[in-house]
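Chemist: no sequence for this one, just the structure:
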């Protein structure tokens, strides 16, 4: 549980947003993930937030409790991880209102379940 709490703290976006925006939601971060997946560089806070969260999650993914655990293959790049997450989010728009960390868990578990 401590690892999951640390992971969620590391994944929390550090950006300034309007009071109406939920900067922890998949909907807020999704455009940054799409930009990264498509090789577009941006100064928008959403892109580095997505990259950092995905990379941090990937680092801890195989050490999380079984319900959140996933096993990305050794040698996978952050670009491949971000593309996988962006594609998953595109396929599940009904979940974009959820916290981005929950979407990371689901995307990684679908793509790379532990055997």
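Modeler: Nice, I can see it. The structure presented is a predicted model; accordingly, all values stated were derived computationally and were not measured.

Chemist: Distance of residue 26 relative to residue 95?
Modeler: In this structure, residue 26 and residue 95 are 7 Å apart, going by C-beta to C-beta, to the nearest Å. For glycine as for every other residue, the C-beta is placed from the backbone atoms N, C-alpha and C.

Chemist: if I look at the two, which residues touch both of them?
Modeler: Each of 89, 103 lies in contact with both residue 26 and residue 95 under the rule C-beta atoms under 8 Å, 6 or more residues apart in numbering.

Chemist: More neighbours: the two, which one.
Modeler: Between residue 26 and residue 95, counted using other C-beta atoms under 10 Å, the more crowded position is residue 26 (26 against 17).

Chemist: Helix or strand: which one has the closest residue to residue 37 other than its chain neighbours?
Modeler: Here the nearest residue to residue 37 in space, its sequence neighbours aside, is residue 86; by C-beta to C-beta, 6 or more residues apart in numbering that works out to 3.9 Å. Per DSSP states H and E, residue 86 falls inside helix 78-91.

Chemist: ok, and what's touching that helix?
Modeler: Under the contact criterion C-beta under 8 Å, 6+ apart, helix 78-91 has outside partners 26, 30, 33-34, 36-37, 50-51, 54-55, 58, 72, 95-96, 103-104, 106-108, 110-111.

Chemist: Buried among the residues you listed? Make that a PyMOL selection.
Modeler: The PyMOL command for the buried members of those (criterion: 16 or more other C-beta atoms under 10 Å) is given here:
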select buried, resi 26+30+33+34+36+37+50+51+54+58+72+95+96+103+104+106+107+108+111
